[in-house]
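Peer 1: need coordinates for the following:
(one chain, ligands or ions: 2)
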Amino acid sequence: MNNERTIALIGAGSMAEALIAGMTKAFCHPAHIIVTNRQNRARLEELARQYGVRTAGSAQEAVKQADVVILAMKPKDVAEAMNAIAPALRANQLILSLLAGITTETIEQLAGCDIPVVRAMPNTSAAVGLSATAIAGGRFASKEHLDVAKQLFETVGIVAVVPERDLHAVTGLSGSGPAYVYYLVEAMEKAAADIGLERDIAKTLILQTIIGAAEMLKASDKHPSVLRREVTSPGGTTEAGIKVLEQYRFQEAVIACIRRATARSEELGSALLAAIAEA
Ligand SMILES: NC(=O)C1=CN([C@@H]2O[C@H](COP(=O)(O)OP(=O)(O)OC[C@H]3O[C@@H](n4cnc5c(N)ncnc54)[C@H](OP(=O)(O)O)[C@@H]3O)[C@@H](O)[C@H]2O)C=CC1
Ligand SMILES: O=C(O)[C@@H]1CCC=N1
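Peer 2: Ligands and ions are numbered 1, 2, ... in the order given. Predicted coordinates:
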């Protein structure tokens, strides 16, 4: 809790809240956090009540007081947000961007000054302190800036420093990753209903199965395919089930899904550049 920096969060959605929850537990006093959004005042008041953070009437007002500016709006809204805050930005601040697909170079361009930018890709498990976050520094970001970002994101999970070119892939893999797991759970719940299991019992069993498998992956040195084979008795139930997944080309579908999400991250970056060029 020894961080004395003032942090402005521009955007007050689900990722912003996940970060506030983590930062107020382990990174800084809530009074050091100022949160702002575009129009939803009730949302800001709710965050202030729940976490004790401060709010600001405008993004520019928040940025004027800040050492670290966290961009937590959707990529499509960043040009408008940066337009509003650019006049208040100073080169001794640090911009931390959570935006999918948007490069540090684009943020630097929108800022219009030589400001340090760190691009981060966390995931929503930050809300329970279990985000897998990757970070990369822009042209003006030093090791100290990366260290600040690392410390901040470590309050909501684990952090890897990666080359920026890898962040599209990280976004497709672990940024979007929780949704893939939830999708699997949705399918398991539908299957449980289909085979006649009582809903609450099925939910409990599915959750424990996911947590148990994740803990096994973490605790063991074995490759996932080895752990899978240990479940699979010859001629047994698992073998019969996995054969169906193979018929449906389950692994190919997952690989195509992550490739598509990665490409989409690249597209989000290009779409913003095209919009900036047009404006
Ligand atoms: N959700 C996820 O799983 C992850 C998201 N991200 C990234 O995090 C960012 C935020 O995502 P998420 O929290 O899901 O988004 P939300 O839609 O939940 O929240 C977006 C927030 O941005 C605010 N906002 C929009 N435009 C402006 C503006 N011009 N000035 C100030 N605030 C503005 C909105 O305010 P208002 O309601 O008033 O319009 C809202 O509070 C995205 O860029 C996303 O790519 C990264 C990793 C994971
Ligand atoms: O779907 C999205 O674009 C964001 C980025 C990663 C997770 N959610």
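
Peer 1: doesn't Ala134 lie inside a strand?
Peer 2: Yes: assessed with DSSP: H, G, I helix; E, B strand; the rest coil, Ala134 lies in a strand.

Peer 1: my guess is it contacts Pro163. True?
Peer 2: No: counting by C-beta atoms under 8 Å, Ala134 does not reach Pro163; the two are 9.9 Å apart. (Each C-beta comes from the backbone N, C-alpha and C, glycine too.)

Peer 1: of the two, who's got more company?
Peer 2: Ala134 (25 against 9; other C-beta atoms under 10 Å).

Peer 1: and that one, bridged to which residues?
Peer 2: Met121, Ala160 (DSSP bridges).

Peer 1: now Ser233. Nearest residue, chain neighbours left out?
Peer 2: Once flanking residues are discounted, Ser233 sits nearest to Glu239: 7.0 Å by C-beta to C-beta, 6 or more residues apart in numbering.

Peer 1: residues from this protein in reach of ligand 1?
Peer 2: 10-16, 36-40, 59, 72-75, 77, 80-81, 98-100, 121-124, 175 (C-beta under 6 Å from any ligand atom).

Peer 1: using neighbour counts, trim the residues you listed to the buried set.
Peer 2: 10-12, 15-16, 36-37, 59, 72-73, 75, 81, 98-100, 121-124, 175 (16 or more other C-beta atoms under 10 Å).

Peer 1: looking at Ala26 now. What's its pLDDT?
Peer 2: Residue-level confidence at Ala26 comes out at 85, pLDDT.

Peer 1: an error on my part: the question was meant for Asn2.
Peer 2: Reading off the model, Asn2 has pLDDT 64.

Peer 1: inside strands: which ones of the residues of the chain next to ligand 1?
Peer 2: Among the residues of the chain next to ligand 1, DSSP state E puts 10, 36, 121 in strands.

Peer 1: of all those, which comes closest to ligand 1?
Peer 2: Distance to ligand 1, by C-beta to the nearest ligand atom, is smallest for Ile10 among those, at 4.8 Å.

Peer 1: whichever residue of the stretch 151-279 of the chain sits closest to ligand 1 and ligand 2: what is the separation?
Peer 2: Taking C-beta to the nearest ligand atom, ligand 1 has its nearest neighbour within the stretch 151-279 of the chain at Gly175, 4.6 Å off. Distance, Gly175 to ligand 2, by C-beta to the nearest ligand atom, to the nearest Å: 3 Å.

Peer 1: am I right that that residue is in contact with Ala100?
Peer 2: Yes: counting by C-beta under 8 Å, Ala100 is a contact partner of Gly175 at 6.3 Å.
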